[in-house]
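**Q** Provided below are the primary sequence and the corresponding predicted coordinates.
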Amino acid sequence: METSAVRIEPPRENDCDIVRDPLPTQGLLDFRVIELLFFAYREFTADADSILVRYGFGRAHHRVLHFVNRAPGLTIAELLDILQITKQSLSRVLRQLIDENFVVQIPGDEDRRQRRLYPTEKGRKLAVELSRAQVRRIDAALTMTSDEDMRPIAAFLKAMASDREAARDWFERQDISWKDPE
């Protein structure tokens, strides 16, 4: 049986519309804040990522641990709403956290079909370790700003995060506000 190999040639310069000029930092779009967010997020997550890898966990595990520790007794439905992910996406992560004793799932008092999530001591310890790593980075950056500078920074981040009702509900539930005290 004879087979013939198909050789695929890369496109030549004159075969497609190659663009050689970079997008300008400012112009049609302003890339400064986008790139600041890219790099800030990379650094913000790096410290926690190095801890998570020791457990075979990823960022999804971190998010679940964070919210379960911030609101023990959270239902799976509430967590899905906060994270804006599917049941299927949550299922694997939650199963691993439960199997490894970082989170427990308890039937609801009124509705036994409802599942409430609670951290274990082990889960609390890991959540605090992850948060400490991130708080160190945030605190280091904030030492370069004044209290007066913090208000617009917080307002900007809240505006970026508050597009979805779930985020607004979370801020309200946790009484997260950056308004000046009266």
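**A** Nice, thanks for sending it over. Predicted, not measured: the structure shown is a model, and the values here were computed from it.
**Q** C-alpha from now on. contacts and neighbour counts both.
**A** Will do.
**Q** in the protein, which spans are strands?
**A** For the chain, the strands defined by DSSP state E occupy 74-75, 103-107, 115-119.
**Q** What is the first one packed up against?
**A** When contacts are defined as 3 or more Cα pairs under 8 Å, 6 or more residues apart in numbering; DSSP states H and E, strand 74-75 sits against strand 115-119.
**Q** what residues are up against the spatially most central residue of the chain?
**A** Nearest to the mean C-alpha position of the chain, by Cα atoms, centre = their mean, lies Arg63 at 6.0 Å. Contact analysis of Arg63 by Cα atoms under 8 Å, 6 or more residues apart in numbering lists Leu83.
**Q** before we move on, what about the one 4 residues further on?
**A** Neighbouring residues of Phe67 by Cα under 8 Å, 6+ apart: Leu79.
**Q** That one and Val6: what is the separation?
**A** 52 Å (Cα to Cα, to the nearest Å).
**Q** got any ranges where the protein has weak pLDDT?
**A** Along the chain, segments meeting pLDDT under 70 span 1-4, 10-15, 163, 177-182.
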